[in-house]
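Novice: Sequence and predicted structure are below.
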Amino acid sequence: MIAVMLLALTLQKAAIGSDAFNVDAELQGMYEELSQATLQFVTESDVDLFHDVLYTPDWVFVDAAGQKHTWSQMREREIQALSAPALSSLNQSIQKLSLAPDGAATVLVTMTTVRAIVDAEGRYGRQGASHTLTETTAFRDTWVKTSGTWKVKSREQLGQPTVAVDKPELST
């Protein structure tokens, strides 16, 4: 009887581990899609459409200071970002994933952005010089599955970004 119980527990743990592996792979694919699409946004409607498809209507962002922001507040920032210097690359890499019994997933993710800038103020050396900035930020995201599709419910920034100047992007 004990052997049967141990076998059942082992199979249950294997199923949970398999579920976590499958969800991790599926969500990593979603992060790659999010990253690539973000690099291609050109118009406000691009931003809105993508948000409508991949985020819950009640999505919130919690900044590093702990302030909550709704989509309508964050939308303006996203629209302004369309006119900022373009990113060379954007990568979001899952560091840890936890599944909740209700089907939600909590993901610790590292986002790395790379952009080329002209340093007009001389902040990173000679005034007017070109530099590559690599910015890395940690987030805690909550995903929920609705109608068979994963959607982001919240994103919490975990501390301030780190910025590296003229250093190659590190693998995460």
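Specialist: That came in fine, so what should we check first? Numbers count the residues shown, from 1 in each chain.
Novice: Can you tell me the closest non-neighbouring residue to Ala138?
Specialist: Leu158 (4.2 Å; C-beta to C-beta, 6 or more residues apart in numbering). Using the backbone N, CA and C atoms, a C-beta is placed for each residue, glycine as well.
Novice: again but with Thr43, I slipped
Specialist: Using C-beta to C-beta, 6+ apart, the closest residue to Thr43 is Leu82 (7.5 Å).
Novice: For the one you found, which residues are in contact?
Specialist: 41-44, 47 (C-beta atoms under 8 Å, 6 or more residues apart in numbering).
Novice: who's in contact with the spatially most central residue of the chain?
Specialist: In the chain, the centroid-proximal residue (C-alpha atoms, centre = their mean) is Gln92; its distance is 5.2 Å. The contact partners of Gln92, by C-beta under 8 Å, 6+ apart, come to 31-32, 34-35, 109-112.
Novice: Name every strand pairing with the longest strand anywhere in the chain and say which way it goes.
Specialist: Counting by DSSP state E, the longest strand found in the chain is strand 129-146. Sheet partners assigned to strand 129-146 using DSSP bridges are listed as strand 105-119 (antiparallel), strand 149-157 (antiparallel), strand 162-165 (antiparallel).
Novice: so who does the nearest residue to Asp63 once chain neighbours are set aside touch?
Specialist: Sequence neighbours aside, Gln157 is the residue nearest to Asp63 in space, at 5.4 Å (criterion: C-beta to C-beta, 6+ apart). Going by C-beta under 8 Å, 6+ apart, Gln157 touches 61-64, 137-139.
Novice: rerun that using 7 Å as the cut-off
Specialist: For Gln157, the contacting residues are 62-64, 137, 139, by C-beta atoms under 7 Å, 6 or more residues apart in numbering.
Novice: which stretch of helix or strand covers Trp59?
Specialist: strand 55-62 (DSSP states H and E).
Novice: next structured bit after that strand?
Specialist: strand 68-70.
Novice: which helices and strands sit right next to that following strand?
Specialist: With contacts taken as 3 or more C-beta pairs under 7 Å, 6 or more residues apart in numbering; DSSP states H and E, strand 68-70 sits against strand 55-62.
Novice: Report the buried residues of the strand it packs on.
Specialist: Of the residues in strand 55-62, 55-56, 59-62 count as buried by neighbour count, 16 or more other C-beta atoms under 10 Å.
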